[in-house]
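Asker: Quick one, what's the 3D model for this:
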Amino acid sequence: MFDLTSYVIGLGVILTAATGFWLVSLLKRDVSIVDSLWSLMFLFAALTYAITLPEPGPRSTLVLILVALWALRLGGYITWRNWGEDEDRRYRKIRADNEPNFELKSLFIVFLLQGVIAWVVSLPLLVAQASAAPFGLVDYAGIALWVIGMIFEAGGDFQLARFKSDPENQDKVMDQGLWRYTRHPNYFGNACLWWGFGLIALSAGAWWALVSPVIMTILLLKVSGVSLLEQDIGERRPKYADYVERTSAFFPLPPKGVADGKKEQTQNG
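Answerer: Alright, predicted model coming up:
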C-alpha cells in the first residue's frame, strides 16, 4: 500500500520542478509563478506514483483523472489571472523581509518549501493508487465530495473573475453567487477536494493518510488562505467589513441578514 521508493522519487520530481520554476522566477524577477506550479506539483506526484509503483491498484486511473482535472484547471486559471501582472503583494512582502540575497533564499523559503509541503500532502494519492483493495461506498463518498469541492472552487473562481471584469464593480465587494454564502468558496472547495482524496485513501485502507487533508485545511484556514488574505483586505476595501459581518468565513451558510430576517418574519407572523 505504501511504496517508499515511489514516494521518494515523487519528492525528487517535485523538487526538480520547483527548482526549474525558481530559475524562471529569477529571469522574471517574480516568485508569484510558484502559485501556478502549486497544483501541478500534485499532478507530477500522481504521475510519478502511477509510473513507478510495481503494481498500481484499481484506483490509480481514477486518482490520475481527478488530480489532472483539478491541477490543470487551477494552474491554468492562476496563470491566466496573473498573466502580465506584477509580483503578488504577498511575495513582495516576503521579498522585502528577506533581503539581501532574496533570489537565493527564495529557492528554499518559497519553491522548495512548497514542494515539500505538496509532497507530504500528496500521500493519499500514493496510497490510493497503490492499494489493491476493492472499491467501496467510501470511495464513492470521496468522489462526491471531490465533485462538490470542484464546483465550489471552479465556480467561485469563475464568478469572481466575471465580477472583476465589470468596471462598475471596481469598488464593490463580491457577495453574489457562491460568495453570498462563504467569503472563500474557492478555499472551501479546495478543502473538500482534498477530503475527497482522503476518503478514497481511507477506503483503500490507509486511515493515517487523512493527515493530508487535515494539513491542507489548516493551510487554507490559518496560513496561506483565509487568514493571510484577510489581514489587510479591510484596508483595501472598506466595505468588506459589512461583508464579514453577514457572511461565513469558510463553511457555506445563509447570510446572517437573510437568516435573521426570516426568523424575525416568522416570529412576527
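Asker: Could you use CA atoms for every contact and neighbour count after this?
Answerer: Noted.
Asker: mean confidence score for stretch 256-269?
Answerer: The pLDDT scores in stretch 256-269 average 47.
Asker: can you check stretch 238-253 too?
Answerer: On average, stretch 238-253 scores 90.
Asker: Only the buried residues of that stretch, if you could.
Answerer: Under the neighbour-count criterion of 16 or more other CA atoms under 10 Å, stretch 238-253 has 240, 243-244, 246-250, 252 buried.
Asker: And the furthest pair within those?
Answerer: 240 and 252 (17.4 Å; CA to CA).
Asker: who does the helix or strand hosting residue 15 touch, helix- and strand-wise?
Answerer: Secondary structure from DSSP states H and E places residue 15 in helix 4-28. Using 3 or more CA pairs under 8 Å, 6 or more residues apart in numbering; DSSP states H and E, the elements in contact with helix 4-28 are helix 34-52, helix 113-121.
Asker: buried ones in the shortest one?
Answerer: Which is helix 113-121. Within helix 113-121, the residues that qualify as buried are 114-116, 118-121, counting by 16+ other CA under 10 Å.
Asker: related to what we said a few turns ago, okay if I get the helices and strands packed on helix 4-28 as CSV plus mean pLDDT and distance to residue 172?
Answerer: CSV is the format used below for the helices and strands packed on helix 4-28 (pLDDT from 0 to 100; distance: least, CA to CA, whole Å):
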stretch, mean pLDDT, distance to residue 172
helix 34-52, 97, 26
helix 113-121, 97, 33
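Asker: Low-confidence bits of this structure, can you list those?
Answerer: Regions of the chain meeting the criterion pLDDT under 70 cover residues 234-236, 258-269.
Asker: and with 80 instead?
Answerer: Within the chain, the stretches with pLDDT under 80 are 1, 228-238, 257-269.
Asker: how about the helices in it?
Answerer: Using DSSP state H, the helices assigned to the chain run over residues 4-28, 34-52, 60-82, 89-97, 102-106, 113-121, 123-130, 137-164, 185-203, 211-218, 226-229, 233-236, 240-246, 256-268.
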